[in-house]
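>>> with the input below, show me the fold.
(chains A and B)
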Amino acid sequence: MRPILVTSALPYANGSIHLGHLVEYVQTDIWVRFHKIRGRNCLYFCADDTHGTPIMIRARNEGITPEALVERIYVEHKTDFRDFLIGFDHYHSTNSEENKILSEEIYLANRKAGHIHTASVMQAYCAKDGIFLPDRFIRGSCPSCGALDQYGDSCEVCSATYSPLDLNEARCSLCGTPPEERESEHYFFNLSNFESFLKEWTHSGALQVQMANKLSEWFNEGLKAWDISRDGPYFGFEIPDAPGKYFYVWLDAPVGYMAASWSYFKQHGIEFDRYWRQPDQVEVYHFIGKDILYFHTLFWPAMLKGAGFRTPTGVFAHGFLTVNGQKMSKSRGTFITARSYLQQLDPEYLRYYYAAKLGKGVDDIDLNLDDFIQRVNSDLVGKVVNLASRTAGFIHKHFQGQLSRDYPEDRGLFKLFLDEMKTIAEFYHEREFARAMRAIMNLADHANRYVEEKAPWTLARDNHLKELQETCTVALNLFRLLMVLLHPVLPSMAEKTRVFLNLQDMNWTATLLPITDTVIQPFRPLMQRVDPKKVAAMVAASMEETPPSAHSAPSPVPVLPVATEKRVDEKPSESQTIDMDSFMAVDLRVAKVIQAETVTGADKLLRLVLDVGPLGVRNVLAGIRSAYMPEQLLGRLVVLVANLQPRKMKFGVSEGMVLAAGDGAGGLFLLSADSGAQPGMRIK
RNA sequence: GGCGGGGUAGCUCAGUUGGUUAGAGCAACGGAUUCAUAAUCCGUGUGCCGGGGGUUCAAGUCCCCCCCUCGCUACCA
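Numbers count the residues shown, from 1 in each chain, chains lettered A, B, ... in the order given. Okay, the predicted model is just below:
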């Protein structure tokens, strides 16, 4: 079996770990632990994602350096993960030497291969703060509905999307200064160069079907070049040969997977290239949330491919977390951090509950707190722990902790369990944890039924000691198998079980033999039931916590920054020649603007009513509001594409298109016909 | 607005290529039991399978329309 390398997405070093993040880390950790206890060579890596404007700003607000902030968060994250029993082999940081070296290497290799180009970009710039402002750092009133204090990219009230430069009364959210437009040279990664490779890769079985389908939507829309640079000051790595330009945080974030492993390999004498250059040697899997699919299934494999590295064997996406059926919310107290959870509750409750909900798909999962209490108590305490609790007493009371010399007749239960374990192993491997948990609890029911029917309390009363000892030996053996099965989910309880039963380990080997003729420890509660009061206390405490800053917006998923800046691609598209017929297929006409008006709710459109002579009157929605006032268009002659398929839009049907020149960045210039031309004349 | 995923018992969810009286766990209710962290065991479901049409001998499962919900995406024509 080839070794496997597994990662979870890197949490952003701008905030605390919360229950939404933990879905992914718990899911990955269970999968990794499963493979490990079955003896497979498996390594699990992760790191803090440390770069970008939000980190820089937060550090500035706190009056510390970004490095100091990142270091502090690193310790916090690491502690949270440790306490949730997430067993990384190494937890690293993207702000590391390894990451810098690898990011540069990947960039330079791609540049050498011709996958990088530059282009000019218009962006909002705050002169006072001296930085280019990401969309989320600009606030103003929505140009569409007028709602106050909205982000620069979309309106939370009417859900309109727009450019930050279109906001009314736009202000830098840091200092309140109105931003100015400024041009800057940016570096782009030519994603479209990888289209055929990506199409092949995404259908190679590396992805879940739902994900592959989503990908084909993106392919249909066309792959766009990716803006990978940001202007300084920016907390990140400076781009080689480009002073003042930095890698966009999303460029070096996934490289963090490699950097983390490299750091580990150096300490353990493992060859880096074996893992990252030779796809036939090792399997590489990334666990991610479905929100960052784009980065992991397009940019990331393309970057790796372009730089001559191997690509991932699989990318597994999961859904979002809701709490009590709704988005996590601070006002409802359901935005719960890892730490507030731990202050009240046992991490294994949550690990089990998530396991009981998770499948291989990308569906969202719901943490219903009442269900959580019932489910954990009933399954873990009532069924599993109870099995040991109800039989161990007899073993100590009557046999000084000694199990039967030989494994007794057990109605075939031990064998049944072993057989079922094969199915359950398959479930684990397929990430069908919910099915696995159901199958395990079904076995627990079998075991409890056995105890019920043998009625050891009656055997004790009637002094049938041999049978009593045998019955309890069987029950404890079944309990042990259950705990081996649950080991990936409940590592701490598995360890307590190991001590309790005096076992060498709790591994899941192919040849599990019954334990007999041995002395076990006195039973001690292996898990306390969930106390509803503590759950309530946790919610209450989460309700009191006010958001530390406006920028850590609540989100049900691991949040990483997303590129949203507008960009201008200077590179002319590959122009092919067309024949005369193709050109003549376009029916261009002179048209006269007889009416022009703004469109309510649309900040880029003008509604034009055009006189096209013999063709009648046309209604056209044109995206030219940024350059023209309606009044100045009245009576003007323009060029109309008359046979364009009518387009139904949110604001009505557009029956054609008026031609204008523009580079997408700044100006927009309508074409017109010389005086003397008449509406409806054909242009050719 | 467009695209995609959902909508199945009080709760959380399964339901294979359409085929017998639609399932599981938890909760609830009735009974048993008392070894066990008020745990366990037996028994109990009149669920318009979101609504309405349609195809079919037969539809939760296929087709069309609508409603609700979540996500992505849109001011471009």
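>>> pick out the residue nearest the middle of chain A.
If you average the C-alpha coordinates of chain A and look for the closest C-alpha using CA atoms, centre = their mean, you land on A:Gly289, 2.5 Å from that point.
>>> isn't that residue up against A:His318?
Yes - checked against CB atoms under 8 Å, the pair A:Gly289 and A:His318 is within contact range at 6.1 Å. All C-beta spots, glycine's among them, are computed from the backbone N, C-alpha and C.
>>> what do the two both touch?
Taking CB atoms under 8 Å, 6 or more residues apart in numbering as the contact rule, A:Gly289 and A:His318 both touch A:23-24.
>>> where does pLDDT dip in the stretch 501-650 of chain A?
Confidence mapping of the stretch 501-650 of chain A against pLDDT under 70 gives the ranges A:544-585, A:599-604, A:625-627, A:629, A:643-650.
>>> could I get the full set of helices for it?
Remark: helices of the stretch 501-650 of chain A, listed N- to C-terminal, are A:532-544, A:580-584; assignment by DSSP state H, counting those that start in this stretch.
>>> tell me the mean pLDDT for stretch A:89-100?
The predicted model gives stretch A:89-100 an average pLDDT of 97.
>>> go through it and flag the buried ones.
Buried positions in stretch A:89-100, judged by neighbour count with 16 or more other CB atoms under 10 Å: A:89-96, A:98-100.
>>> also stretch A:443-455?
Buried positions in stretch A:443-455, judged by neighbour count with 16+ other CB under 10 Å: A:443-444, A:447-448, A:450-451, A:454.
>>> point out the residues in the stretch 201-350 of chain A that sit beside RNA strand B.
Residues of the stretch 201-350 of chain A that fall close to RNA strand B, judged by CB under 7 Å from any atom of the strand: A:210, A:213-214, A:217, A:290-291, A:320, A:325, A:327.
>>> out of the residues you listed, give me the two with the largest separation.
In those, the most distant members under the criterion CB to CB are A:Glu217 and A:Gly325, with 27.8 Å between them.
>>> and the residue nearest to the centre of chain A, backbone torsions?
Backbone torsions for A:Gly289, taken as degrees, to the nearest 10, come to phi -90, psi 150.
>>> next one: it from A:Phe316, what distance?
Using CB to CB, to the nearest Å, one gets 10 Å for the distance from A:Gly289 to A:Phe316.
>>> what of A:Thr518?
Summarising the geometry, the distance separating A:Thr518 from A:Phe316, computed by CB to CB, is 40 Å.
>>> so the two - more neighbours on which side?
Neighbour count, other CB atoms under 10 Å: between A:Thr518 and A:Phe316, A:Phe316 has more, with 22 against 14.
>>> residues in contact with that one?
Contact criterion CB under 8 Å, 6+ apart gives A:208, A:285-288, A:360, A:431 as the residues in contact with A:Phe316.
>>> just give me the closest of those residues to RNA strand B.
Distance to RNA strand B across the contacts of A:Phe316 (CB to the nearest atom of the strand) is lowest for A:Lys360, with 10.1 Å.
>>> what helix or strand does the closest one sit in?
A:Lys360 belongs to no helix or strand when elements are defined using DSSP states H and E.
>>> thought it was touching A:Glu430?
Yes - the pair formed by A:Lys360 and A:Glu430 meets the contact definition of CB under 8 Å, at 5.7 Å.
>>> ok, the two, which is more surrounded?
Each of A:Lys360 and A:Glu430 had its neighbours counted (other CB under 10 Å), and the higher figure belongs to A:Lys360 (16 against 13).
>>> from A:Met506, how far out is the nearest residue to that one once chain neighbours are set aside?
Of all residues beyond its chain neighbours, the one nearest A:Lys360 is A:Arg431 (4.3 Å), with distances taken as CB to CB, 6 or more residues apart in numbering. Separation of A:Arg431 from A:Met506 (CB to CB) stands at 21 Å.
>>> do A:Tyr628 as well
73 Å.
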